[in-house]
Every structure is written in structure tokens, then in C-alpha cells.
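Asks: Dropping a prediction and its sequence here:
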Amino acid sequence: MSAESQIQRWVNHPAVQPIVALPMGWFREVGDVATLFGQAIYWGTRPPLRFRQWVRALDFVGWGSLFIVGLTSLFVGMVFGLQLVYGFRQFGAENQTGAVIGIALTRELAPVFAALMVSSRAGSAITTELGSMRVTSQIDALIVMSVNPIQYLVVPRLVAGTVAVPMLTMFANVIGCTGAYLVCVHLLGLDPGVFLDKVRWYVDGADVGQGLIKAAVFGLTIMLIACRQGYYATGGAAGVGMATNRAVVHSAVAVLILDYVLSAIITGSGISA
Amino acid sequence: MSRASVRPSASERNAVLEVKDLKKAYGANEVLRGVTFRAEPGKINVIVGASGAGKTVLMRQIVRLERPDSGEILLDGHDITHLGEAALEPHRRRMGMVFQMSALFDSLTVFDNVAFMLVEHTDLSQTEIREKVMRMLETLQIDGTADKMPSELSGGMKRRVAIARALVYEPALLVYDEPTTGLDPITSRTVDDLIVDTAARAGVTSIVITHDMASVYRIADRVSYLYKGTISYTGTLDELREVREPRLREFLDASGVASRG
């Protein structure tokens, strides 16, 4: 018996199968997403570029998510300010609140929350839309009409995610800081000059840049996952529902894992001792 | 992607499609076991068969939505069986397809659905596209639906829009997948009339895949019977009425539809 079939026998053994199924599923998922990304690069660099589709996707992913990203980042900033002032007052360091809020928002909270909101709102909708198109043969219709569906459907959404999430992150930075300012200064009595001075002093372009790089990677990743799940959906309405569910869960997990990996790479620490 | 501004002449508008010894399996499930079939140019060629006989799989190979395991698909003598996506494009543009459930793009209006091929593949101006689309909608008597979304249409209307979408680019081969499935008898008859009118007016070669025998007797020039992954019979309607082949006879009798004429 060859080594390969021996491995297959082990993998398919009833006792082993449930243990390997999960990581195998993840590997398959990563492989599918990478393949879709490769196809998107190939088709995205061939004419026609269909800018109208790109603008439509950008409008849906970016402009459409503006309100929900603004709302969540406002409350994230507010609650973060509240907790920090409460904590820092224990040892008389509440003047540092502006610095910590500025750094935490620009580097971590704004890109992560913006990505999670885009994933929940636009990513899930894109999976459902593409999934419905798949199960009702609309994607087949595109192929028969000599229009490559990756180029027509996937590429504009990937571009939109990569561009829109950094823009939404900048918006979330501003709104989040505003929320924190309102709570810290107007409700908890922090000095406004000190708060703003600390933000200005400690937050620099590198912090904002770090957040924007992460946001671009998050945006691309969540769109890739959403498009992959929708584009290859099977099993009718129930299958589309499951695909949407997977898209949201996988996107959230991917964003949080990527957040650590990117932070470790950018800061040059946290990978090895 | 090159954009065509010149349409094929009438003589190029009735393609010959030949399928030779086509095989397709999904794992251990052999669906097509050597299908050989020829669609006569300018005629309505109907492929009938019971559910699960492989009709839809055959249709998916013909329009190259899937690649067969072996065999040949020839469109006007050109072997398109193993062509890549880019090489397939000029051949695909000679084909139109009406899907079983219409497959209209539900994010686009009826007008945009019908105009889709013209916008994507021609250099026609907005005005020319509008004229062409509106003329097509008028021909199919659905000109009042131009600004509606597909979700606002009945099943029969959707089928008409799907036919308009397939026809507007003036294909040489038109493939219908179960065009009357899910429609009431009166709407089915209307769609059948439309298929016959389209073939007569445009001279296009039509392949209709169906199990609706009432429809077959109304539209067919030639009928092929797909049984367990092979074409077991091909003949005209008159020949079909006299057929003795036991499996096909059983299928015809079970359909409970009296042949016309």
C-alpha cells in the first residue's frame, strides 16, 4: 500500500476524521480564497475595467457603511474614554487618557471595528447576492454571454473593500476620538487642552499609517471571503444562508487573526522572544 | 476583449451544432455515456427525456458551461470542446441561451437585462442600443415592462424577457432549457408560439431541451430522445408518431399527450 493511501486511510478513520475535518476545512478555505484572489488579479488586469461597476461597489461597501461605522466608532470611543478615565483615576494618571485613546483607536480599534462592521453589513449582503446569482443560474448566464463573472462581479468588490475600509477607518478615527472627547471632557471633567494635547503629542503618522495598512488588508480579506462563499454557494436558499453565515464568521476570525499577525510584523515584535 | 460592431449576415445565423460521442461523469455517476447528436441548421431541434436522463448536463456541455470528459462539440465545424475561456468567446457570442428559470439579472431592469450583451460586446451608441432593445421588446410584446425589475414580472413575462435577452445579439444558435417548466398551459402555449416565431423569423438554429411533450408536438422539427445518457432515437414529428422503440413509446404514452395532426 502506498504511503499516500495509508495516510488517507488514517485521515478517513472514524476516530480521526472529526479531529482533522476542521483544520482540513480551514486549509481548503484558505486555498479557495487564494485561488479566487489569483483569478481576480488575472481578470482585474485585463480589459474592460468596468469603472462603473467599481464605483457602484465602492458606493455600496463604503458610502453604505458610513453610518454604521460612524455609530459604532462613536460608542467605542465613548465607552473607551469612560473606562480609561475610571481606571487611570485609580492612580492619578487620567491626563494620559487622550494618548491611549488616540493610539488604540488609530492602530487597533478603528480598523478592526470598521472591518467587522463592513463584514457584517456589506460582506454578508455580497455573499447573499452572489449566492443567489449562483443558485438561480445568473452567473452561468454571464458566462454564456461571454462576460467573465470574476471580472464582472468579484474584482469590483475586492477593489471596493480594499479602498473603502481604510477610508472608513479614517472616519472612525475622527468619530471615535470625538466620542471619547465628549465623554472625557464634558461628562467626566477632563481638561480639554490636556486631552487634545496628549492625542497630538503621542499619535503620529506611523500610528495612522499602521491602521490604514491593516484596514486595506482587512478590507481585501473580508471581500475575498464574502465573494468566495457567495460565488461557490450551492444547495439553494438554505445553502446561500449557510454561505452567508460562514462568510461573516470566517471574516471576523480572519480579521482578528490578521490583526495580530500584521501588528507583530509592523511593530517587529510579538512573533519570537 | 474585442468589441464587435458588425453583426453576422443572415447566412451565418443558423449554425450547425454537432455533438460526437460526448461523455461526462461526476465521480462514479456517469451521466452522459456517449451522446451523438446533430442540430439541423434553422430548425427547432428538441431533445426530450425523463428527469435525470442527463438533459441539463448535455445542455451545459453544449454551451460549454462545463468541459466534457471526452467526445467532441463542433459549432459550424469548429471544435469547441476543449477551448479555453478566451478562445471560446467568439463562439459563445454566436450562441444564445434561455435558462430554465430565466436567470434574469435581478439587480438590473428589464431594459438593462436585454441591453446587456449589446453594452458589453458592441460599439453601438446609447441611442442605437435603446432602439434595438425597444424593438425587440415590442416584437415580444413586452415593451411596457422596460423599466420594471425582474421580480415584478410573472413567470411567462420573465421567459419572454429571457428570450429577448438571448435574441437581441442575433445569435446563430439558441438553446432553450426547459422553457415551459413551471408555466400554466396557456402561458406555455404562448412561449411555444414564441419559439416557433423566433425560429421562423430569425432563421436561428434552435435546441430545446424539455420533457413537456405537449410543447414538443407544437414546436419540434426534429426530436431526439435522451435515455440514460445516450441519444436512443432521432426523427421528425411524423416519424415520432409511428415510433416503435419500446422505451420511447413508453415515455410518449406516459406523457398522456395526444400527438397533433
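Replies: Looks like it arrived, so ask away.

Asks: ok, now which ones touch residue B:221?
Replies: B:40, B:43-45, B:236-237 (C-beta atoms under 8 Å, 6 or more residues apart in numbering or on different chains). No exception for glycine: its C-beta is placed from N, CA and C like everyone else's.

Asks: That one and chain A, how far apart?
Replies: 23 Å (C-beta to the nearest C-beta, to the nearest Å).

Asks: again with residue B:110
Replies: For residue B:110, the distance to chain A - C-beta to the nearest C-beta - is 14 Å.

Asks: again with residue B:137
Replies: For residue B:137, the distance to chain A - C-beta to the nearest C-beta - is 18 Å.

Asks: Assess the claim that that residue and residue B:113 are in contact.
Replies: No - counting by C-beta atoms under 8 Å, residue B:137 sits too far from residue B:113 to count as a contact (10.5 Å).

Asks: Please go through the chain and pick out the longest helix.
Replies: You didn't say which chain, so I picked chain A. Using DSSP state H to define each element, chain A has its longest helix at helix A:236-267.

Asks: Actually, chain B is the one I wanted.
Replies: As assigned by DSSP H, the longest helix anywhere in chain B is helix B:185-202.

Asks: how far out from the middle of the chain is it?
Replies: 12 Å (C-alpha atoms, centre = their mean, to the nearest Å).

Asks: So if I had to pick from residue B:137 and residue B:113, which one is more boxed in?
Replies: residue B:113 (26 against 21; other C-beta atoms under 10 Å in any protein chain shown).

Asks: residues in contact with the more buried one?
Replies: Per C-beta under 8 Å, 6+ apart, neighbours of residue B:113: B:104-105, B:150, B:161, B:165.

Asks: of these, list those near chain A.
Replies: Checking these against chain A by C-beta under 8 Å from any C-beta of the partner chain, the ones in range are B:104-105.

Asks: Just send the contacts of residue B:113 back as a markdown table, with distance to residue A:47, neighbour count and secondary structure too.
Replies: As requested, the contacts of residue B:113 are exported to a markdown table (distance: C-beta to C-beta, whole Å; neighbours: other C-beta atoms under 10 Å in any protein chain shown; DSSP: H, G, I helix; E, B strand; the rest coil):
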| residue | distance to residue A:47 | neighbour count | secondary structure |
| --- | --- | --- | --- |
| B:104 | 26 | 28 | coil |
| B:105 | 21 | 18 | coil |
| B:150 | 29 | 22 | helix |
| B:161 | 29 | 26 | helix |
| B:165 | 24 | 28 | helix |
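
Asks: From what I see, residue B:211 and residue B:51 are in contact.
Replies: Yes - Residue B:211 is within contact range of residue B:51, at 6.5 Å (criterion: C-beta under 8 Å).

Asks: okay, the two: which has more neighbours?
Replies: More neighbours surround residue B:211 than the other of residue B:211 and residue B:51, with 19 against 7 (other C-beta under 10 Å).

Asks: give me phi/psi at that one?
Replies: The phi/psi pair for residue B:211 (degrees, to the nearest 10) reads phi -120, psi 10.

Asks: got a list of what it touches?
Replies: By C-beta under 8 Å, 6+ apart, the contact list for residue B:211 reads B:48-51, B:55, B:178, B:255.

Asks: about what we covered before: for the longest helix of chain B, the averaged confidence score.
Replies: On average, the pLDDT along helix B:185-202 is 85.

Asks: could you point out which element follows it?
Replies: strand B:205-210 (DSSP states H and E).

Asks: what's the helix or strand that contains residue A:84 packed up against?
Replies: Element membership of residue A:84, judged by DSSP H and E, is helix A:66-88. In terms of contacts (3 or more C-beta pairs under 8 Å, 6 or more residues apart in numbering or on different chains; DSSP states H and E), helix A:66-88 is packed against helix A:97-104, helix A:110-118, helix A:155-181.

Asks: Now tell me what touches it from outside.
Replies: By C-beta under 8 Å, 6+ apart, helix A:66-88 touches A:94-97, A:100-101, A:104-105, A:109-110, A:113-114, A:117-118, A:121, A:168, A:171-173, A:175-184, A:187-188, A:190.

Asks: Same question for that helix: list its buried residues.
Replies: Within helix A:66-88, the residues that count as buried by 16 or more other C-beta atoms under 10 Å in any protein chain shown are A:66, A:68-70, A:72-74, A:76-78, A:80-82, A:84-85, A:88.

Asks: how about those residues, which pair is most distant?
Replies: A:66 and A:88 (31.8 Å; C-beta to C-beta).

Asks: any low-confidence regions in chain A?
Replies: For chain A, the stretches flagged by pLDDT under 70 are A:1-4, A:270-273.

Asks: where does it come near chain B, residue by residue?
Replies: A:46-48, A:129, A:132-133, A:136-138, A:140-141, A:143-148.

Asks: And the helices in the stretch 51-200 of chain B, which stretches?
Replies: Counting by DSSP state H, counting those that start in this stretch, the stretch 51-200 of chain B has helices at residues B:55-62, B:85-92, B:110-121, B:126-139, B:155-167, B:185-202.

Asks: give me every residue that touches the spatially most central residue of chain B.
Replies: Taking C-alpha atoms, centre = their mean, the centroid of chain B lies closest to residue B:175, which sits 1.4 Å from it. Counting by C-beta under 8 Å, 6+ apart, residue B:175 touches B:59, B:62-63, B:95-98, B:206-209.

Asks: For the residues you listed, give me TSV that also has neighbour count.
Replies: Listed next are these as TSV, based on neighbours: other C-beta atoms under 10 Å in any protein chain shown:
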residue	neighbour count
B:59	22
B:62	27
B:63	22
B:95	26
B:96	28
B:97	26
B:98	29
B:206	28
B:207	25
B:208	27
B:209	22
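
Asks: Give me the buried subset of the contacts of residue B:211.
Replies: Among these, those buried by neighbour count (16+ other C-beta under 10 Å) are B:48-50, B:55, B:178, B:255.

Asks: and residue B:105, what is it in contact with?
Replies: Going by C-beta under 8 Å, 6+ apart, residue B:105 touches A:133, A:138, A:141, B:112-113, B:116, B:150.

Asks: Greatest separation within those residues: which pair is it?
Replies: A:133 and B:112 (15.0 Å).

Asks: More neighbours: these two, which one.
Replies: Neighbours per residue (other C-beta under 10 Å) separate residue A:133 from residue B:112, with residue A:133 holding more: 24 against 17.

Asks: so which strand or helix has the more buried one?
Replies: helix A:124-135.

Asks: And the next helix or strand past that helix?
Replies: Counting by DSSP H and E, what follows helix A:124-135 is helix A:138-144.

Asks: Distance from the chain centre to the helix or strand just after that following helix, please.
Replies: Note on helix A:138-144: by DSSP H and E, the next helix or strand toward the C-terminus is helix A:149. Centroid separation for helix A:149 versus its chain: 23 Å, with C-alpha atoms, centre = their mean.

Asks: do the same with stretch B:67-85
Replies: 18 Å.

Asks: what do you get for stretch A:182-202?
Replies: Mean-position distance between stretch A:182-202 and its chain equals 30 Å (C-alpha atoms, centre = their mean).

Asks: For it, list every residue counted as buried.
Replies: Buried, per 16+ other C-beta under 10 Å, within stretch A:182-202: A:183-185, A:188, A:190, A:194-195, A:198-199.

Asks: tell me which of the residues you listed is nearest to residue A:210?
Replies: residue A:199 (16.0 Å).

Asks: quick one: low-confidence parts of chain B?
Replies: Along chain B, segments meeting pLDDT under 70 span B:1-13, B:256-261.

Asks: Quickly note the distance from the residue of it at minimum distance from chain A to residue B:74.
Replies: For chain B and chain A, the shortest gap (C-beta to the nearest C-beta) falls at residue B:103, measuring 4.0 Å. Taking C-beta to C-beta, to the nearest Å as the measure, residue B:103 falls 26 Å from residue B:74.
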